[in-house]
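In: please work out how this folds:
(2 chains)
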2 protein chains.
Amino acid sequence: MTAEFVPYMNQVLDQIEQPNLQEAMRYSLLAGGKRLRPRLFLAVLASFNHSLEAGLPVASAIEFVHTYSLIHDDLPAMDNDDLRRGKPTSHKQFGEAMAILAGDALLTDAFALVATSDYPDTVRAQMTAALSVGAGSHGMVAGQVRDMLGEHQQLSLPALTQLHQEKTGALLQAAMKMGLAAVDASERDKRALARFAGAFGLGFQIKDDILDATATTAELGKTANKDQAEAKNTFVRLLGLDGAKEALALQVTAADQVLHEVSRPVPELNLILDYLK
Amino acid sequence: MTAEFVPYMNQVLDQIEQPNLQEAMRYSLLAGGKRLRPRLFLAVLASFNHSLEAGLPVASAIEFVHTYSLIHDDLPAMDNDDLRRGKPTSHKQFGEAMAILAGDALLTDAFALVATSDYPDTVRAQMTAALSVGAGSHGMVAGQVRDMLGEHQQLSLPALTQLHQEKTGALLQAAMKMGLAAVDASERDKRALARFAGAFGLGFQIKDDILDATATTAELGKTANKDQAEAKNTFVRLLGLDGAKEALALQVTAADQVLHEVSRPVPELNLILDYLK
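Out: Alright, predicted model coming up:
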């Protein structure tokens, strides 16, 4: 499904005139990763028999926003990470100023990709709203702020859940909403799929916490066990490893169940859910 | 014209749930400044007898984007400025991480303001495209990168002009385009007003360079004479003070002239041009 996705992003990057900026944006965008957020968007298109090709600019926009958030997260003033997707982080590779600017450009350009895509005007306006609300002060950035302020203090389970609904869940929800804006889904299907995105998002973060505690740096492509070292609030810290695995299983079951409520088979979404299993 | 503008931005900020983020965003947004970019947008609406009230979300969006760019510019890794609009810069006041995140949120929320404004879908899509293209890797961020890379080397006049067309001019042009997207202007008027924005943007940057070289820190509200101290590329450095004043006068004359080509009186735009005189 994501076969045409990387060449498309490359084409977009090729048009950037300033070579250093182009290079820094490409470095992080094409470093790999699971690309779950654009895949979620494309899976909705596929499920409702919509053109994936028409969706490429928007799928790219979602990956642009996710990638910007990783670059800024990794900055010395934030998580101060040296390694991401098995490579030096952007500021390690290009310096801090360029990393800030590459992130800024990815975030800004994402909206140009949506605004100039071939969807009808109404759909583009809905997609822009979903993306900006999910990524901004009511979503991802708010979650980042809560994460930063919550360091070195123990959050309650509801507070940790809210933090992750904003930090990780909101952009996944936005990807789902953007897919639903493009297709003709019934209200019932829309509600089920929004619930799927919610359960998937929370499960995704629990899985991330489990991996941080159990996998090696080589397996992760980023520094392992960093959460514990920095006394970060994680589901593993709060629930223990077994408790976190149970919480993950609950979200997977919930997500599985809502997929069965959708009025048509959604094999692409089942595939995405497999990542959590 | 900008009377309702600050209360409107305050309303938008009031809705942000995370209090620290809300505070940091408000601190920079409401620190004052000339607000030339949103005023340019509103001046176009006024000139074509359009509702200024309908334009408030979009005017705010433009100021959000400008303010984010100032916060990120001032960061230690970038210009490392302590003072902005007569107050400590965002990272001095709230720390670097919060300054980065407040900037990210302002940039992201700007697109939500445009996408959820009351303009027709087509107009909102055009405005989103203009804002993102002007602010992103083909505009403002590219100019920032060129500015950073050009430090400590002498740029030619064409290279310096390109840098400023991107760094300052592109967002002013975007504000103009966003205004023109809302109103019914003839092609001839649109061309004239786009030329006005170009001349105004360049003149604005030349004026900024002249002020940096001649005004005091108290007058500027930011550290004076910083360009020279850091061997920044400026019009004053390249043309001398008298040469820069001549170049400014040329742009003012050009901007004045195109305003006379517009098919109707545009007193609000004349007022904005007065800032350069």
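
In: for the stretch 101-250 of chain A, which segments are assigned as helices?
Out: Applying DSSP state H, counting those that start in this stretch to the stretch 101-250 of chain A gives helices spanning A:121-135, A:140-150, A:157-164, A:170-182, A:187-214, A:217-220, A:226-229, A:235-261.

In: okay, buried residues for the second one please.
Out: For helix A:140-150, the buried set under the neighbour-count rule, 16 or more other C-beta atoms under 10 Å in any protein chain shown, comprises A:140-149. The C-beta positions use only the backbone N, C-alpha and C, and glycine is treated the same way.

In: between it and helix A:121-135, how big is the angle?
Out: 0 degrees (axes from the mean of the first three to the mean of the last three C-alpha atoms, to 10 degrees).

In: and the contacts of helix A:140-150?
Out: A:65, A:69, A:73, A:78, A:134-136, A:159-160, A:162-168, A:170-171, A:232-233, B:16-18, B:20-21, B:97-98, B:101, B:104-105, B:108 (C-beta atoms under 8 Å, 6 or more residues apart in numbering or on different chains).

In: picking up where we left off before, for residue B:248, state which of the buried residues of helix A:140-150 is nearest.
Out: residue A:141 (38.5 Å; C-beta to C-beta).

In: what sits against the nearest residue to the closest one once chain neighbours are set aside?
Out: Nearest residue to residue A:141 in three dimensions, chain neighbours excluded: residue B:105, at 4.2 Å (C-beta to C-beta, 6 or more residues apart in numbering or on different chains). Contacts for residue B:105 (C-beta under 8 Å, 6+ apart) come out as A:136-137, A:141-142, B:16, B:21, B:25.

In: hang on, isn't residue A:42 packed against residue A:55?
Out: Yes: applying C-beta atoms under 8 Å as the test, residue A:42 and residue A:55 come out as touching, 5.7 Å apart.

In: and for those two, which residues touch both?
Out: Counting by C-beta under 8 Å, 6+ apart, the residues touching both residue A:42 and residue A:55 are residue A:179.

In: just give me the closest of the contacts of residue B:105 to residue A:217.
Out: Among the contacts of residue B:105, residue A:141 lies closest to residue A:217 (C-beta to C-beta), at 27.6 Å.

In: read off the pLDDT value for that closest one.
Out: Listed pLDDT for residue A:141 reads 98.

In: now residue A:3
Out: 58.

In: helices or strands up against the helix or strand where residue A:92 lies?
Out: Using DSSP states H and E, residue A:92 sits in helix A:90-94. Secondary-structure packing of helix A:90-94 (3 or more C-beta pairs under 8 Å, 6 or more residues apart in numbering or on different chains; DSSP states H and E): helix A:19-29, helix A:52-74, helix A:96-115.

In: please point out which parts of the longest one sit buried.
Out: Judged by neighbour count (16+ other C-beta under 10 Å), helix A:52-74 contains these buried residues: A:52, A:55-74.

In: mean confidence score for that helix?
Out: Averaging pLDDT along helix A:52-74 gives 97.

In: now the angle between helix A:140-150 and it, please.
Out: Put simply, helix A:52-74 runs at 20 degrees to helix A:140-150, going by the same axes, to 10 degrees.

In: quickly check: helix A:52-74 near chain B or not.
Out: Yes: shown here: helix A:52-74 in contact with chain B (C-beta under 8 Å from any C-beta of the partner chain) through A:68, A:72.

In: can you show me the CA trace of that helix as PDB?
Out: C-alpha atoms of helix A:52-74 as PDB (Å, rounded to 0.1, in the frame of the first residue of the first chain):
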ATOM      1  CA  LEU A  52      -4.900   5.600  -3.200                       C
ATOM      2  CA  GLU A  53      -3.100   7.700  -5.700                       C
ATOM      3  CA  ALA A  54      -5.300  10.700  -5.000                       C
ATOM      4  CA  GLY A  55      -4.500  10.100  -1.300                       C
ATOM      5  CA  LEU A  56      -0.700  10.300  -1.700                       C
ATOM      6  CA  PRO A  57      -0.300  14.100  -1.000                       C
ATOM      7  CA  VAL A  58      -2.500  13.800   2.100                       C
ATOM      8  CA  ALA A  59      -0.700  10.600   3.300                       C
ATOM      9  CA  SER A  60       2.600  12.400   2.800                       C
ATOM     10  CA  ALA A  61       1.200  15.400   4.800                       C
ATOM     11  CA  ILE A  62       0.500  13.200   7.700                       C
ATOM     12  CA  GLU A  63       4.000  11.700   7.600                       C
ATOM     13  CA  PHE A  64       5.400  15.200   7.400                       C
ATOM     14  CA  VAL A  65       3.700  16.200  10.600                       C
ATOM     15  CA  HIS A  66       4.700  13.000  12.400                       C
ATOM     16  CA  THR A  67       8.300  13.500  11.300                       C
ATOM     17  CA  TYR A  68       8.400  17.100  12.400                       C
ATOM     18  CA  SER A  69       7.200  16.100  15.800                       C
ATOM     19  CA  LEU A  70      10.000  13.500  16.100                       C
ATOM     20  CA  ILE A  71      12.700  16.000  15.000                       C
ATOM     21  CA  HIS A  72      11.600  18.600  17.600                       C
ATOM     22  CA  ASP A  73      11.100  15.900  20.300                       C
ATOM     23  CA  ASP A  74      14.600  14.800  19.900                       C
END
